[in-house]
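Q: Got a sequence here, can you model it:
(2 chains)
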2 protein chains.
Amino acid sequence: MTEVTTQLNSVEIGKVASLAAKIQEEPSVAETKWSAEVNWKGGFRSEAKIRDFSPTVSDEPPSLGGSDTGPNPVEQVLAALGNCLAVGYAAGATMAGIKLNNLSIKVDGDLDLHTFLGLKDGNAGFSNILVSVDIDSDASSEALQELHKNVTATSPVGHTLSRSVPVDIKLA
Amino acid sequence: MTEVTTQLNSVEIGKVASLAAKIQEEPSVAETKWSAEVNWKGGFRSEAKIRDFSPTVSDEPPSLGGSDTGPNPVEQVLAALGNCLAVGYAAGATMAGIKLNNLSIKVDGDLDLHTFLGLKDGNAGFSNILVSVDIDSDASSEALQELHKNVTATSPVGHTLSRSVPVDIKLA
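A: Predicted coordinates:
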């Protein structure tokens, strides 16, 4: 096993490489479980608790009947996608020896409210999501395109959105 | 047009009813656009900016090479689903005249890291998501089951995850 000690883009790539090596020896290590617990706070406000982090606030804008104390759930999905891609570019760039000077990601999604409001059957979710990635780096355009290809092929949140995930919602 | 003035569960259902009425007159009002902007902060840290809210921090746990300063992107997706369902139950219960005493939602997802780590082609996202909804209410079991059916049929984040969304990621 090769020890990778590179630290570029403030990414400790050795840890990622160690995890990958461990999984090759013991594939079940790759089977991860993630969780969140949401507690309703009245109106359209709720708080999400993840591990030991402070709860985050969710609400709806006034136009949707909320009290506007935080981003709404569909905005949170777009943020999660951008955050996930940022991890992907940072990891991939570091593996490829590409230094990132700056990285910003704009995520936009279109959503028709008819189904959410009970006016129509059908898709209540995003009809499409557009992402624009702005990378500031001295690497070649070819190297950045290759990085981009790898990131989009391996993004956990990207795939969660672009594929159909079985979602089982049960009353306790 | 019927004016709905009920305020139950701290939900101003009149605003939601007004929006629905407006959309029935002018369907294009239902076509909404949502956005988030993510800025990379070095390592696997990033911040997501939504409207005028304070940026939220995203990171990865140490096991995945992160500095563990915030929930990671796949956890954020699960939180968004729980928050979205909370809005759905609050809205639906209020429309049905059901008082909610308490509502908590546990969301769990399974994810195989092989694809994210470049060890395998295939699905980098959640293989499945399980949601357990705990409603404390004096309403009948039948009324709660009907509420549950309506909420799962109209959840924007639920549908975004359970359906395949076209996600177009472009280098600027």
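
Q: Tell me who's in contact with A:Glu142.
A: Counting by C-beta atoms under 8 Å, 6 or more residues apart in numbering or on different chains, A:Glu142 makes contact with nothing. C-beta here means a position set from N, CA and C on the backbone, and glycine is covered the same way.

Q: can you tell me which helix or strand it belongs to?
A: helix A:141-153 (DSSP states H and E).

Q: Kindly list the longest helix within chain A.
A: If you go by DSSP state H, chain A has its longest helix at helix A:73-95.

Q: Now do that one against helix A:141-153, angle only.
A: With axes from the mean of the first three to the mean of the last three C-alpha atoms, to 10 degrees applied, the angle from helix A:73-95 to helix A:141-153 works out at 130 degrees.

Q: could you point out where chain A is predicted with low confidence?
A: Within chain A, the stretches with pLDDT under 70 are A:1-6.

Q: Tell me which stretches of it form strands.
A: Using DSSP state E, the strands of chain A run over residues A:7-8, A:11-12, A:31-40, A:46-49, A:56-58, A:100-112, A:126-137, A:167-171.

Q: Any chance of the ones you listed in CSV with mean neighbour count as columns?
A: Output for the strands of chain A, formatted as CSV (neighbours: other C-beta atoms under 10 Å in any protein chain shown):
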stretch, mean neighbour count
strand A:7-8, 14
strand A:11-12, 22
strand A:31-40, 19
strand A:46-49, 24
strand A:56-58, 22
strand A:100-112, 20
strand A:126-137, 18
strand A:167-171, 16
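
Q: could I get those strands as a markdown table with distance to B:Gly109?
A: What follows is these, written out as a markdown table (distance: least, C-beta to C-beta, whole Å):
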| stretch | distance to B:Gly109 |
| --- | --- |
| strand A:7-8 | 31 |
| strand A:11-12 | 25 |
| strand A:31-40 | 5 |
| strand A:46-49 | 14 |
| strand A:56-58 | 17 |
| strand A:100-112 | 20 |
| strand A:126-137 | 18 |
| strand A:167-171 | 9 |
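
Q: closest one to B:Gly14 among those?
A: B:Gly14 lies closest to strand A:31-40 among these, at 20.0 Å (C-beta to C-beta).

Q: who touches the closest one?
A: By C-beta under 8 Å, 6+ apart, strand A:31-40 touches A:46-50, A:55, A:58, B:71-72, B:74-75, B:78-79, B:81-83, B:85-86, B:89-90, B:100, B:102-113.

Q: domains for chain A, by residue range?
A: A:34-70, A:72-161 (automatic domain parsing).

Q: Turn those into TSV, columns for distance to A:Asn9.
A: Putting the domains of chain A into TSV (distance: least, C-beta to C-beta, whole Å) gives the following:
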stretch	distance to A:Asn9
domain A:34-70	24
domain A:72-161	5
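
Q: Please report how far A:Val38 lies from B:Ser35.
A: To B:Ser35, A:Val38 is 23 Å away according to C-beta to C-beta, to the nearest Å.
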